[in-house]
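Novice: next one to model:
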Amino acid sequence: MLLFILWLAGRLLMAIPSLPLLLSAAVDAAFLVAVAGLVWREIAIGGSWSHAPMGGLISLYAAANILFHVLTLSGAPTDLAERMALALVMVLLALIGGRVTPNFTGEFLADQGRTEQPAPFSRYDGLSVMLVALAAIAWIVQQYAVATGWILVAGGLANMGRLLRWYGWVTWREPLVLILHLGYGWLALSLLALGSAILGLGLSTTDAVHALTTGAVGVMTLAVMTRASLGHTGRPRHAGPLTVFIYLLVTLGALMRVVGPTTGLPTNLVLGLAAAGWSGAYLLFALVYGPFLLRPSLDE
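Specialist: Okay, here's the model as predicted:
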């Protein structure tokens, strides 16, 4: 609860322009620092030092947020800090998405009596994650370098191949599992789109970044939120019609934001439709899943 209050305080203070900027920045920055501290505490107490990379990534994410505020307060451009944060999100999605997606898929296929199983973690998976990490570093250091573009493309192709090894198409009967594959697919596509944009092909760099933010982040976040909310409230892990509609809204919103500007439609119309779909998905999640989370679990 204290962590939630700290997060909420940062949001509220950042939204009030009359407050001292240093106060707003300090409170906002404190949240991710606290999260990183809690993660390191759990790793140390449990002796789970194999998870130290997660603690390191979240610590770097907190540092990117601090850097953003330092640059803002000094009147300097903030694109480096923003790029650093997004690059770290790329790596987090490759690590976490690359773990939960095949695990949950394997559970589902076993329950269905299917013989297909996602490929176990191998050197190929390690190489795929390593390419994402290298692409992230290159994008931070040399945003428009040709080499950065090629590394991003290589990372996108490798992770698209990784996704194909998990038999996502077999899960079409259960959208709660299928959406995880769609979210990871957005990650691979965002790497390809961003790399191609740097090389002067396809989408603009701005639209390619939205493939990561509205696509990969937006879809994967809802995929995990819906599954966790159902499981931890004692409900069957099955996506009902409203949950499927949530997935459709966030996907259509992301598609409109990424490719909408290339359609020639009025900008305000494109952005309005994208915002309505994407934000509407999260609003519908609050309306549908909020009551589940506010009541006792069904298995208590």
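Novice: name the SS class of residue 296, please.
Specialist: coil (DSSP: H, G, I helix; E, B strand; the rest coil).
Novice: do you know how far residue 63 is from residue 81?
Specialist: Distance of residue 63 to residue 81, given as C-beta to C-beta, to the nearest Å: 9 Å. No exception for glycine: its C-beta is placed from N, CA and C like everyone else's.
Novice: between those two, which is the more surrounded one?
Specialist: A direct count of neighbours by other C-beta atoms under 10 Å for residue 63 and residue 81 places residue 81 higher, at 21 against 18.
Novice: quick check: which element contains that one?
Specialist: Assessed by DSSP states H and E, residue 81 sits inside helix 79-92.
Novice: point to the residue nearest the middle of the protein.
Specialist: Against the mean C-alpha coordinate of the chain, by C-alpha atoms, centre = their mean, the closest residue is residue 217 at 2.6 Å.
Novice: not counting sequence-adjacent ones, nearest residue to it?
Specialist: residue 89 (6.2 Å; C-beta to C-beta, 6 or more residues apart in numbering).
Novice: could you do residue 25 as well?
Specialist: Leaving aside its chain neighbours, residue 25 sits nearest to residue 69 (3.7 Å; criterion: C-beta to C-beta, 6+ apart).
Novice: ok, residue 195 next?
Specialist: Nearest to residue 195 is residue 152, by C-beta to C-beta, 6+ apart, at 3.0 Å.
Novice: next, residue 238: phi, psi?
Specialist: Dihedral angles of residue 238 (phi, psi; degrees, to the nearest 10) stand at phi -140, psi 140.
Novice: ok, residue 203 next?
Specialist: Torsion angles at residue 203 (phi, psi; degrees, to the nearest 10) stand at phi -70, psi 170.
Novice: am I right that it is in contact with residue 197?
Specialist: Yes: applying C-beta atoms under 8 Å, one finds residue 203 in contact with residue 197, separated by 5.4 Å.
Novice: now stretch 44-55: buried residues?
Specialist: By 16 or more other C-beta atoms under 10 Å, the buried positions in stretch 44-55 come out as 54-55.
Novice: any idea how far apart the tips of it sit?
Specialist: 10 Å (C-alpha to C-alpha, to the nearest Å).
Novice: other residues contacting that stretch?
Specialist: 36, 39-40, 42-43, 92, 95 (C-beta atoms under 8 Å, 6 or more residues apart in numbering).
Novice: for those residues, which one is nearest residue 269?
Specialist: residue 92 (33.1 Å; C-beta to C-beta).
Novice: excluding sequence neighbours, find me the nearest residue to the closest one.
Specialist: In space, residue 92 is closest to residue 57, 5.8 Å off (C-beta to C-beta, 6+ apart).
Novice: distance check, the one you found against residue 108.
Specialist: The value you get for residue 57 to residue 108, if C-beta to C-beta is used, is 28 Å.
Novice: likewise for residue 63?
Specialist: For residue 63 relative to residue 108 (C-beta to C-beta), the value is 37 Å.
Novice: cool, and residue 263?
Specialist: Distance of residue 263 to residue 108, computed by C-beta to C-beta: 36 Å.
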